[in-house]
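J.: sequence-free structure coming up:
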Ligand code: NAI
């Protein structure tokens, strides 16, 4: 039977997280969308509910505040019902390379992109263990596979997520909980928009894909919804690259 439990999506106000929440809601599942951007996430929750006719809950939260996660999970369960899935799409990037690294910049990126993911899984553990067909997905990046001199903390956070996925898949598999990552390539979102505005960059990103284009958020949202569904019931501990073929020729 297809899982009917609700799903928490972090970073749900924008870009890839928003697209994941949309795709999951389109499967008829309730979603709790979390984001630092309170106004954005409340609007997203409302729009998704009216478009897909499912229960939604919007929550303004900083996912790096580990002590607040248990209460946020409780509030989400109260609002949208039993929880059986998670997409961790909240993410950030800071341009700081060797030479101008500092502890604060490094921790800032690692805490959002990486640490929050296992902490959230831990906060949801009893919900996931009780749900049929429970699954979680972390949004990593192709930058977890290839080096980018400008953003070592980001690359480390995304590569680290792949290790966390394998470890958590090993721990949670016997409980029926699947754990996977998606590694997107270049996707048209506000985060990439800053770089796309630099002259020549859009063309460079397009040319790096064998499909000669930048991806759309829904092209990550749909596969994330698939990985959470019972159609992916034998997939766990994996990182799936969805990049229009960038890595195929890198
Ligand atoms: P985005 O900037 O559109 O969305 C990220 C969301 O995360 C924002 O709404 C932001 O408010 C939220 N967020 C940031 N820090 C947070 C925190 N501490 N607590 C709660 N929410 C927080 O960016 P995009 O592109 O949709 O990114 C989503 C994920 O996809 C990120 O993990 C990013 O690294 C990853 N990704 C994006 C790619 C792209 O080309 N856009 C490529 C590969 C990976």
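T.: Here it is on my side, so go on. It should be emphasised that the depicted structure is a prediction, and the values quoted were computed from it without experimental measurement.

J.: buried set for stretch 164-174?
T.: Going by neighbour count (16 or more other C-beta atoms under 10 Å), the buried part of stretch 164-174 is 164, 165, 166, 168, 169, 172. (Glycine included, C-beta is placed from N, CA and C.)

J.: now render those residues as CSV, adding pLDDT.
T.: What follows is these, written out as CSV (pLDDT from 0 to 100):
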residue, pLDDT
164, 98
165, 98
166, 98
168, 99
169, 99
172, 98
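
J.: which residues are contacting the helix or strand bottoming out on mean pLDDT in the chain?
T.: When each helix and strand of the chain is scored by mean pLDDT, DSSP states H and E, helix 190-196 comes last, with a mean of 93. Residues external to helix 190-196 that are found in contact with it (C-beta atoms under 8 Å, 6 or more residues apart in numbering): 14, 15, 91, 92, 93, 186, 188, 201, 202, 205, 214.

J.: any idea how far the last one lies from residue 188?
T.: Just to be clear, that refers to residue 214. Distance, residue 214 to residue 188, using C-beta to C-beta, to the nearest Å: 5 Å.

J.: hmm, who's touching the biggest helix by length in the chain?
T.: The helix spanning the most residues in the chain, taking DSSP state H as the definition, is helix 152-172. By C-beta under 8 Å, 6+ apart, the surrounding residues in contact with helix 152-172 are 93-94, 96-98, 101, 105-106, 108-110, 112-114, 117-118, 121, 125, 128, 136, 138, 140-141, 143-145, 147-148, 178-181, 183, 236-239.

J.: how about the helices in the protein?
T.: With DSSP H, the ranges of helices along the chain come out as 15-26, 38-52, 69-80, 103-110, 116-123, 125-130, 152-172, 190-196, 201-208, 218-228.

J.: so which of these is nearest the ligand?
T.: Using C-beta to the nearest ligand atom as the criterion, the shortest distance between the ligand and the helices of the chain is 2.2 Å, found for helix 15-26.

J.: distance between the ends of stretch 170-179?
T.: 9 Å (C-alpha to C-alpha, to the nearest Å).

J.: what's the answer for stretch 112-130, then?
T.: Taking C-alpha to C-alpha, stretch 112-130 runs 27 Å from one end to the other.

J.: in it, what's buried?
T.: For stretch 112-130, using 16+ other C-beta under 10 Å, the buried residues are 112-121, 123-125, 127-128.

J.: so which of the residues you listed comes closest to residue 54?
T.: Each of the buried residues of stretch 112-130 was checked against residue 54 using C-beta to C-beta; the closest is residue 127, at 17.9 Å.
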